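>>> after the sequence you'll find the predicted model.
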Amino acid sequence: MTTTNNRHHNIIGIPLWSSFQKRTLELWNECTSQEISGSLGDLGTFIPLTIALARDRLIYFAPALFFSGLSNLLTGYAWDVPMCVQPMKSIAAVALNGELTLEEVTTAGILTGGLIFVIGMTGLIEVVNLVIPHMVVSGMQIGLGLKLAGKGMKDIQKLSWVDSPDCILLAVACSLLALHWLRESSPSSPSKTSDDVDVDDGAEHKSHSLMDRILCRASQNISEKKTPVGVYLFLIGVIFAIVELATTRNEDGQYDLPLRFFGAPIAVLALEDVGVNDWKAGFLDGALPQIPLTTLNSVISVCALAHSLYPEKRIHSNSNNSIRESDAVVTRKEVAISVGVMNILCCPFGGIPNCHGAGGLAGQHCFGARGGMSVAFLGVCKMMLAVFFGASALTLLDAVPVSVLSVMIVIAGQELATTGFTLLVKSGNASSLRSDTVVAVVTAAVILALQKTHYGAIAGWVTFMVYGNGIEQFWAWMQRRRNTKTNEAVDDNFNASGTVMCSVDAHKQTDDARDTSSDLISTC
């Protein structure tokens, strides 16, 4: 019995260990300055949202940083593409506007992860994107982005002009620098480089028109030289924070000094004080508006973009080398399961609600990342920061000037709103642009006026069905489904008829061969 168990352990354990060693060696060989540079591509989104949430005590900073790094590391091992791990923007925006508490952020991440996991396992991603049209998603992004930017501006308005280093004048200076850096990120030329994405216009790889337009937009953005504005602003804030902590007398105990290493827990029981109302608010205000954004940006778009950026890494599902629609670098099911597992396992222990994203993938590719090494390197750095500096991280963040942090929030808000406007324009057509804009404006207006994201989503969906062409699109989809089933039935009948004919021919050939053999025997 012991011999059997040892043999069974060797059969399972050795391949896993050898695969781990092989993948580790591959990542080590890919550790170049280009990959390390690529790891900075998504920090412009990660740093502002994470720092703002931590400063408002809406996440457990050290566990959030540690589990985010762990997710990065596992993602780098799992896929040979720079698949980013970033905070869920909708949940972060709602929380920063005061609509979610620490416990509700945790429940929102768990519920979103669980629903995305179910959607990925059951193949309901296309149904979700059919039920929730892209103009409603655009309206939610615009509304949430404007709310987030408005919060940053209100925080700046509370400051004095020049009475202290943390003043409106510093916010204006940081804003001008941010605009200058963002201006440098504009495309220098419309031409493509050898590393740019080449969107396949052939007939062999077809996707939905929405994805085609998103990929065309992504292919234009890949060639842009992006500047990590969030990283630069954070460094400015850290310099001011160090000066503040070095010169303060701390007589009122405002800061937890002196700074120290270690001591911060990298995991906490985040569900310890969670009640029924926290689950309810986490679902309505957090998970419900986040799910359509996650399915579109974190699952469908990121898979399509990876498919176009790295065609040499596609996994062929057929014996020959022809590319089929089912071939992919990463599949939607894999990404959906990854998002689900990442939040189901990490959020109960203090992790921040995270997802993957097409914008982060494009940013890391633009900075030089081409494989999983950049993501794994970033993950190790996050985990080390959480372990070594987690104890004093909040003290340092508390000393970051409000003016600098507010500008970072404004930049994150405008980026989210701009993404919504871009998706609205690029995903539609000239004939339906006005009706699409009305749906998006209604969605954003309800979110801004009523301060409830799910109200805006419902209002936008109703507007789409009544004012837009939602009913016509639904019946067209039903007709396409009916035609597809009819064609499949015809193909099955044709294949069955061909099989019967082949069987008849085979029996006929067998009878002819038997008669021929009998004749030969008779002749002999």
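Sure, I can see it.
>>> quick check: next helix or strand after the helix or strand encompassing Leu235?
Assigned by DSSP states H and E, Leu235 belongs to helix 229-247. Using DSSP H and E, the helix or strand that follows helix 229-247 towards the C-terminus is helix 276-281.
>>> average model confidence for that following helix?
For helix 276-281, the mean per-residue pLDDT is 94.
>>> now do the same end-to-end measure for stretch 271-291.
From its first residue to its last, stretch 271-291 covers 21 Å (C-alpha to C-alpha, to the nearest Å).
>>> adjust the sequence numbering to begin at 6 for everything that follows.
I'll keep to 6 as the first residue from here, and by that count the last item is stretch 276-296.
>>> now do the buried residues in that stretch.
Neighbour counts using 16 or more other C-beta atoms under 10 Å place 276, 279, 283-284, 286-296 of stretch 276-296 among the buried residues. Every C-beta, even on glycine, is put in place using the N, C-alpha and C of the backbone.
>>> which two in those residues are spaced the farthest apart?
Pairwise distances across these peak at 22.1 Å for Leu276 and Pro294 (criterion: C-beta to C-beta).
>>> which residues touch the helix holding Leu240?
Contacts made with helix 234-252 from outside it, assessed by C-beta atoms under 8 Å, 6 or more residues apart in numbering, are listed as 45, 48-53, 56, 170-171, 179, 182-183, 186-187, 190, 260, 262, 264, 400-402, 404-406, 409-410, 412-413, 416-417.
>>> which of those are buried? Put it as a PyMOL command.
One line in PyMOL is enough to select the buried members of the contacts of helix 234-252, burial here meaning 16+ other C-beta under 10 Å:
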select buried, resi 45+48+49+50+51+52+53+56+171+179+183+186+190+260+400+401+402+404+405+406+409+410+412+413+416+417
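>>> the contacts of helix 234-252 in strands, which ones?
The subset of the contacts of helix 234-252 located in strands under the criterion DSSP state E is empty.
>>> skip the chain neighbours and tell me the closest residue to Phe354.
Nearest-residue entry for Phe354: Ala272, 4.4 Å, with adjacent residues in sequence omitted and distances by C-beta to C-beta, 6 or more residues apart in numbering.
>>> count the residues that sit near the one you found.
15 (other C-beta atoms under 10 Å).
>>> which residues touch it?
When contacts are counted by C-beta under 8 Å, 6+ apart, Ala272 is found next to Pro68, Phe71, Phe72, Phe354, Gly355.
>>> Provide the backbone phi and psi angles at it.
When read as degrees, to the nearest 10, the backbone of Ala272 gives phi -150, psi 140.
>>> check the gap between it and Leu390 for me.
15 Å (C-beta to C-beta, to the nearest Å).
>>> with Gly43 instead?
For Gly43, the distance to Leu390 (C-beta to C-beta) stands at 19 Å.
>>> who has more neighbours, these two?
Taking Gly43 and Leu390 together and counting by other C-beta under 10 Å, Gly43 has the greater number of neighbours (25 against 15).
>>> ok, the residue nearest to that one when sequence neighbours are not counted - contacts?
On the basis of C-beta to C-beta, 6+ apart, the spatially nearest residue to Gly43 that is not a chain neighbour turns out to be Ala374, at 2.5 Å. By C-beta under 8 Å, 6+ apart, the residues touching Ala374 are Gln39, Glu40, Ser42, Gly43, Ser44, Gly46, Pro87, Val380.
>>> switch to 7 Å and redo it
Neighbour list for Ala374: Glu40, Gly43, Ser44, Gly46, Pro87 [criterion: C-beta atoms under 7 Å, 6 or more residues apart in numbering].
>>> so it, which state does it fall into?
In three-state terms, and counting by DSSP: H, G, I helix; E, B strand; the rest coil, Ala374 is coil.
>>> and what of the one 10 residues further on?
Each residue gets one of three states, and Gly384 gets helix by three-state DSSP.
>>> what number of residues are in the vicinity of it?
Here the number of neighbours of Gly384 (other C-beta under 10 Å) works out to 24.
>>> repeat that for Ser436.
Neighbour count for Ser436, taken as other C-beta under 10 Å: 8.
>>> ok, it to Val447 distance?
According to C-beta to C-beta, Ser436 and Val447 sit 19 Å apart.
>>> what's the answer for Gly425, then?
In this structure, Gly425 lies at 13 Å from Val447, with C-beta to C-beta as the measure.
>>> mutual contacts of those two, please.
By C-beta under 7 Å, 6+ apart, Gly425 and Val447 have these common neighbours: Gly144.
>>> who has more neighbours out of the two?
Between Gly425 and Val447, counting by other C-beta under 10 Å, Gly425 is the more crowded of the two (26 against 22).
>>> per-residue confidence for the more buried one?
At Gly425, the pLDDT value in this model is 85.
>>> one more: Gly362?
Confidence score, pLDDT, at Gly362: 81.
>>> ok, Gly18 next?
Per-residue confidence (pLDDT) for Gly18: 51.
>>> kindly report the same for Asp201.
For Asp201, the model assigns a pLDDT of 42.
>>> please apply the same query to the one 4 residues further on.
In the predicted model, Asp205 carries a pLDDT score of 41.
>>> same question for the one 4 residues further on.
Reading off the confidence values, Glu209 has pLDDT 38.
>>> state the mean pLDDT of the helix or strand hosting Gly150.
In this structure, Gly150 is located in helix 139-162 according to DSSP H and E. Taken as a whole, helix 139-162 has a mean pLDDT of 89.
>>> just stretch 372-381 next, same as before
Predicted confidence along stretch 372-381 averages 86 (mean pLDDT).
>>> chain center to it: distance?
16 Å (C-alpha atoms, centre = their mean, to the nearest Å).
>>> likewise stretch 127-141?
With C-alpha atoms, centre = their mean, you get 16 Å for stretch 127-141.
>>> end-to-end on that stretch?
Looking at stretch 127-141, the gap from its leading to its trailing residue is 24 Å under the measure C-alpha to C-alpha.
>>> list the contacts of it.
Residues contacting stretch 127-141 (C-beta under 7 Å, 6+ apart): 124, 215, 297, 300-301, 304-305, 337, 341, 428-429, 432, 441, 444-445, 448, 462, 465-466, 469, 475, 482.
>>> can you list the buried residues in it?
So stretch 127-141, judged by 16+ other C-beta under 10 Å, has buried residues Leu129, Ile130, Val133, Asn134, Ile137, Pro138, His139, Met140, Val141.
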